[in-house]
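# Just to be clear, the model below is a prediction. Sequence and coordinates:
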Amino acid sequence: MPQHKRTLPMLANAVAAGLFVTLSAHASLQPVPDAEGLEVIVPAQVSQEGEALLYQSHVRLSDYAAAQHAVSSVGRIMRSSEMGHSDYADQLPERAMQRQGEIWLQLQNEAIHFVDSGAYSSMRVSDGQWQANEPLALADLAKATFTYQMHHSGGRWADYDLDDAITYTPVGYLGNLMRQLLEQHYQDAYFVDTDGNKNLASLAQGLDALHGLIYAWVRWHKPGGSDDMGRLSEERMEQRLGISQAELLELGRSLTATLDQHWSDDLSAYAEEGRADYSLADFGSLMRGHKGLYELLYIFGDEDDQASAKALFERKATMLSGLMNSGEVVQDWGVATSFSFTPDGVIATSDVIDTASQWRFLNHLTGGFGTLRENEGTSGFVNDQPELKALIADFSDQLLRGAQDYQSDADGLVVRQLALADGKITDSSHSTASIGWYLTAAGYAYRSGDAFDRPDAWKDDSALAERSRALYDHILLQNAWLVRHF
């Protein structure tokens, strides 16, 4: 893709604002206080000296989610056909896959505290105890909901007798998240955030979270779910999830009608008040939410619903293609943290690359039940658009190369922010969000394109083997950093 090596004058204010936010964030980082109530503390960031730091002395559900998903994703590829293959297994620590599963369970047992009595985005110390603080925001609810992917992956840990624990431990947690979404955030065919905001951003975040609820019913219905969700009766599913299959379909129809009202043919995007401005985080949520919505309509709906599902997919494909083909927004070193759809294409509205947002975005496309993931009984829409599949594959390869070539510091660790204009590191901090979402995405995405593959494919391609080994090494380095600091 064309390189963009100038700082746009129109972005001067955005650059200054980004610098201010970065400096403010650093000023607000504090050491972990002594307190009871949590056994495992996941830091927001770790200093260059190795000290765990919290943002405003709060522990955040979003950091626990980033760590959980990372540990899960890396653990999944430690099986014998991937990192555990004889051509690479000597690089793995002893009991590596088992240890990932055990750590994930520890983190899950801590994450439950955020939603077991109420629902909260953060906790703070009061009277020597970790206690609930901020109400659970939609964006954090959506991040936590991806826990469903490990919930459905317990079978990979059967050799270590962890399969039942991984499958059943998060059931109540996920059920609480889904009830919170429906009871506190869904109003009149829209999703509303805790602060009362009702806009495209809240709609996108709500759809992102709803994706997990939809997947539970899809997996219950389709052949591949017979060993987990399919064990439950339909009545039991309704009790667990707080909504029946028929009610969910009606909800999906209502949300589709809301999206229809926002679609702009002139901008080839969803818009409000004539503009289609997005943060990468919200845009990614919208793309993940679309996957759930069109699969819901296709699998459980009638012919009219299936036509609506196809239209939703085509809009998603249009927006994704516009973004990934933008030589201004997408660079070899990463993706702008915000952008706008215009009649002339997609333009950057920030000169910052936020690595956590970027890697979470890639996971929306390539991770569990993401854009590229099709299973027996699902729509198969993406298979009918080879151009889109190829575009996502190339995009994935480009970002994974960029993680090593641009986004890592001298120690090989992924940093927090870069400049869009030239790829220079502007914030060399090591955060749980950035490293966690990189690991989550890399584990799912690395075989989406042609640049990387698992060991069985290395035999006749030394260049492929070298690239893939280097990526595995890079993943293990980040994973070692992550699990060392909580």
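Yes, it's here. Numbering: from 1, shown residues only.
# rest of the way, CA atoms for contacts and neighbours
OK.
# how about the residue nearest the centre of the chain, what does it touch?
Here the mean C-alpha position of the chain is nearest to the C-alpha of Arg360 (CA atoms, centre = their mean), at a distance of 3.8 Å. Arg360 makes contacts with Ala281, Gly284, Trp437, Tyr438, Thr440, Ala441, as judged by CA atoms under 8 Å, 6 or more residues apart in numbering.
# Just give the nearest non-adjacent residue to the fourth one, would you?
Pointing back at Tyr438 there. Sequence neighbours aside, Trp359 is the residue nearest to Tyr438 in space, at 5.1 Å (criterion: CA to CA, 6 or more residues apart in numbering).
# give the contact list for that neighbour.
Ser434, Trp437, Tyr438, Thr440, Ala441.
# hmm, try it at 7 Å
Shown in contact with Trp359 (CA atoms under 7 Å, 6 or more residues apart in numbering): Trp437, Tyr438, Ala441.
# so which strand or helix has it?
Following DSSP states H and E, one finds Trp359 within helix 355-366.
# Would you mark the buried spots in that helix?
Within helix 355-366, the residues scored as buried using 16 or more other CA atoms under 10 Å are Thr355, Ala356, Ser357, Gln358, Trp359, Arg360, Phe361, Leu362, Asn363, His364, Leu365, Thr366.
# Likewise for stretch 385-402?
Buried residues in stretch 385-402, counting neighbours by 16+ other CA under 10 Å, are found at 388-389, 392-402.
# Report the contact partners of the nearest residue to Ala119 once chain neighbours are set aside.
Residue nearest to Ala119 in three dimensions, not counting chain neighbours: Leu136, with 5.3 Å by CA to CA, 6+ apart. Applying CA under 7 Å, 6+ apart to Leu136 gives the contacts Ala119, Tyr120, Ser121.
# Would you check how far apart Leu136 and Gly50 are?
Using CA to CA, to the nearest Å, Leu136 is found at 29 Å from Gly50.
# now swap in Phe361 and tell me
In terms of CA to CA, Phe361 sits 28 Å off from Gly50.
# element containing Leu400?
For Leu400, the host element (DSSP H and E) is helix 386-405.
# Please verify my assumption that Trp333 contacts Arg401.
No. Using CA atoms under 7 Å, Trp333 makes no contact with Arg401, being 8.5 Å away.
# Quickly note the distance from Glu272 to His262.
According to CA to CA, Glu272 stands 6 Å off from His262.
# typo on my end, it should be Ser244
27 Å.
# ok, now Ser285?
Going from Ser285 to His262 by CA to CA gives 16 Å.
# For those two, indicate the residue with more neighbours.
Ser285 (27 against 16; other CA atoms under 10 Å).
# residue contacts, the more buried one?
Contacts of Ser285 (CA under 7 Å, 6+ apart): Ala204, Gln205, Asp208.
# For the first one, report the pLDDT, please.
So the one you mean is Ala204. Note for Ala204: predicted pLDDT of 99.
# neighbours around it, how many?
Using other CA under 10 Å: Ala204 sits among 27 other residues.
# show me the contacts for it.
Ala204 sits next to Asp282, Ser285, Leu286, Gly289 when contact means CA under 7 Å, 6+ apart.
# With distance to Thr426, pLDDT and secondary structure as extra columns, can I get those in JSON lines?
As requested, these are arranged in JSON lines below (distance: CA to CA, whole Å; pLDDT from 0 to 100; DSSP: H, G, I helix; E, B strand; the rest coil):
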{"residue": "Asp282", "distance to Thr426": "23", "pLDDT": "99", "secondary structure": "helix"}
{"residue": "Ser285", "distance to Thr426": "26", "pLDDT": "99", "secondary structure": "helix"}
{"residue": "Leu286", "distance to Thr426": "28", "pLDDT": "99", "secondary structure": "helix"}
{"residue": "Gly289", "distance to Thr426": "31", "pLDDT": "98", "secondary structure": "helix"}
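# can you put the residues you listed in a markdown table and add distance to Asp164?
Listed next are the contacts of Ala204 as a markdown table, based on distance: CA to CA, whole Å:
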| residue | distance to Asp164 |
| --- | --- |
| Asp282 | 34 |
| Ser285 | 30 |
| Leu286 | 32 |
| Gly289 | 29 |
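# If you rank these by neighbours, which is first?
Busiest of the contacts of Ala204 [other CA under 10 Å] is Ser285, holding 27 neighbours.
# For Gly155, see how far away that one is.
28 Å.
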